[in-house]
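# Whatever this is, show me its structure:
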Amino acid sequence: MKTAGAVTVAQLAEFDEIIDVRSPSEFAADHIPGAINYPVLNNEERARIGTIYKQVSPFDARKLGAALIAHNIARHLEQHFIQRPREWHPLVYCWRGGKRSGAMTHVLSQIGWHAQQLEGGYKTYRHAVLEALAILPQQFHWRVVCGLTGSGKSRLLQALREAGAQVLDLEQLTCHRGSVLGNMPGAPQPSQKYFDSLMCAELKQFDPAKPVYVEAESKKIGDLRVPQSMIDAMWRSDCIRVEVGLASRVQLLMEEYAHFLADVHTLEQKLDCLIGLHSKEIIGHWKELASQKQWGQLVEELLVKHYDLAYTRSTLKHYVRHEQGLVLRTNDLSKQAMLRLARKAIAGAAAPV
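Numbering: from 1, shown residues only. Alright, predicted model coming up:
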């Protein structure tokens, strides 16, 4: 039975649809995962009302705001809600005060739908996300997938998921592979707040009685910060060590970073980010290899002289159970081989210690 009155964040799953009536820019910065944006004021309208509120009077701002909100709600009714069934049970939220969400909720309720409003709006939701991220990572038994760059760790995570394991894929959530060359073409990173929301939603789906697999990551993935509680939990967790030969790692990286091989100029710009870690002579040498399309040699040198050293140093420093971890060795990084490794990892996790 549906509850009456104001709704808390804990009740989100009870609704058929979650409607975010904030402006598109507010929605883009962060929103409840799965929510749909039906703004009652667009970006320009919201800015205009705010200016009138400050420079003219709150009364004049409310008059114009009411007219704009009424117009936009009518448009959403005609374009989006008209086909909703009588039993439709939506949740509506805005920033905090509740005026925008209150207007939408009132109209939907008067029509006959069982619409309700999120108490405290987005601000309360954001506070709940931060509280959850400080606690939830400590409640799971993590299995951290470790391995040198190009070892197929992301492919193993995908295989683990296909094999029925619980997986938190941080690189997928952040749209970044976690290195200088890690940005994914055509897929900008989400905002920090929306990454927090996505991660919180993922964590809430996991069963604490079963292990959760995650790839070893740094505190930052691209421009985004991984919550410290998550980093702390990973560092002290059991590890799975994926060991793959250098030639196979080179081949995998040439496949997965093909977009850089097709754009030498961008690749050279990325290599400049390594200045300070390597001499200008070495960076110049790598740029020359790129300009000559000596991809195999370039990737091998980047692995041996940069990524392997950095990864090993960081992993051994932070992951205290790394040396005791289950070892998975392969030079076959195909989907079927990854599935076999995934089943071996799951069996190893189930074995008594």
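# next structured bit after the helix or strand bottoming out on mean pLDDT in the chain?
Every helix and strand of the chain was ranked by mean pLDDT, DSSP states H and E. The lowest is helix 258-261, at a mean of 81. Helices and strands here follow DSSP states H and E; after helix 258-261, the next one along the chain is helix 264-272.
# From the rest of the structure, what touches that following helix?
Applying Cβ atoms under 8 Å, 6 or more residues apart in numbering, the contact partners of helix 264-272 are 180-181, 260-261, 283, 286-287, 290-291, 293. For every residue, glycine as well, the C-beta is placed using N, CA and C.
# hang on, the earlier thing: from the chain's centroid, how far away is the least confident helix or strand of the chain?
Relative to the centre of its chain, helix 258-261 is centred 23 Å away, using Cα atoms, centre = their mean, to the nearest Å.
# just stretch 153-161 next, same as before
Chain-centre distance of stretch 153-161: 16 Å, with Cα atoms, centre = their mean.
# For G97, see how far away K123 is.
In this view, K123 and G97 are 9 Å apart by Cβ to Cβ, to the nearest Å.
# With secondary structure as new columns, can the contacts of helix 264-272 be given to me in JSON lines?
Shown next, in JSON lines, are these (DSSP: H, G, I helix; E, B strand; the rest coil):
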{"residue": "V180", "secondary structure": "coil"}
{"residue": "L181", "secondary structure": "coil"}
{"residue": "F260", "secondary structure": "helix"}
{"residue": "L261", "secondary structure": "helix"}
{"residue": "I283", "secondary structure": "helix"}
{"residue": "W286", "secondary structure": "helix"}
{"residue": "K287", "secondary structure": "helix"}
{"residue": "A290", "secondary structure": "helix"}
{"residue": "S291", "secondary structure": "helix"}
{"residue": "K293", "secondary structure": "coil"}
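# helix or strand right after the top helix by length along the chain?
Taking DSSP state H as the assignment, the helix of the chain that covers the most residues is helix 58-76. Per DSSP H and E, the first helix or strand lying C-terminal to helix 58-76 is strand 90-93.
# tell me which strands and helices that next one is in contact with?
If you count contacts as 3 or more Cβ pairs under 8 Å, 6 or more residues apart in numbering; DSSP states H and E, strand 90-93 packs onto strand 17-20, helix 99-111, strand 116-117, helix 121-135.
# Dump these to CSV, plus mean neighbour count.
Shown next, in CSV, are the helices and strands packed on strand 90-93 (neighbours: other Cβ atoms under 10 Å):
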stretch, mean neighbour count
strand 17-20, 22
helix 99-111, 19
strand 116-117, 22
helix 121-135, 17
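# V7 is nearest to which of those?
With Cβ to Cβ as the criterion, V7 lies closest to strand 116-117 of the helices and strands packed on strand 90-93, at 5.0 Å.
# How far away from the center of its chain is that closest one?
With Cα atoms, centre = their mean, you get 27 Å for strand 116-117.
# element containing the nearest residue to Q138 once chain neighbours are set aside, please.
If the residues on either side of it in the chain are set aside, Q138 comes closest to A233, at 5.7 Å by Cβ to Cβ, 6 or more residues apart in numbering. Taking DSSP H and E as the definition, one finds A233 inside helix 228-235.
# What residues of that helix count as buried?
The neighbour-count check on helix 228-235 (16 or more other Cβ atoms under 10 Å) flags 230, 233-235 as buried.
# show me where the stretch 251-353 of the chain has helices.
Secondary structure of the stretch 251-353 of the chain, counting by DSSP state H, counting those that start in this stretch: helices at 258-261, 264-272, 280-291, 295-302, 308-318, 335-350.
# just these: most buried one?
helix 295-302 (a mean of 18; mean count of other Cβ atoms under 10 Å).
# Output the contacting helices and strands for that helix.
Applying 3+ Cβ pairs under 8 Å, 6+ apart, one finds that helix 295-302 contacts helix 246-256, helix 280-291.
# how about those helices, which one is nearest I111?
Ranking those by proximity to I111 (Cβ to Cβ) places helix 246-256 first, at 50.7 Å.
# List of residues touching that closest one?
Contacts with helix 246-256, where a contact means Cβ under 8 Å, 6+ apart, come from 148-152, 177, 244, 261, 295-296, 299-300, 303-304, 331-333.
# what's the angle from that helix to helix 295-302?
Going by axes from the mean of the first three to the mean of the last three Cα atoms, to 10 degrees, helix 246-256 is angled at 110 degrees with respect to helix 295-302.
# low-scoring stretches of this structure, by residue?
Across the chain, the ranges flagged by pLDDT under 70 are 1-5, 180-182, 349-353.
# Just want the most central residue of it.
In the chain, the centroid-proximal residue (Cα atoms, centre = their mean) is L173; its distance is 2.5 Å.
# For that one, what is the enclosing helix or strand?
Taking DSSP H and E as the criterion, L173 maps to helix 170-174.
# quick revisit: let me see the contact set for the residue nearest to the centre of the chain.
For L173, the contacting residues are 190, 195, 198-199, 202, by Cβ under 8 Å, 6+ apart.
# One more: K193?
29-30, 126.
# burial measure for the spatially closest residue to V327 that is not a sequence neighbour, as a count.
In this structure, V327 finds its nearest non-sequential neighbour in R241, 4.8 Å apart by Cβ to Cβ, 6+ apart. The number of residues packed near R241 is 21, by other Cβ atoms under 10 Å.
# repeat for N331
Using other Cβ under 10 Å, N331 has 13 neighbouring residues.
# How about it, nearest residue that isn't a chain neighbour?
Sequence neighbours aside, S248 is the residue nearest to N331 in space, at 4.4 Å (criterion: Cβ to Cβ, 6+ apart).
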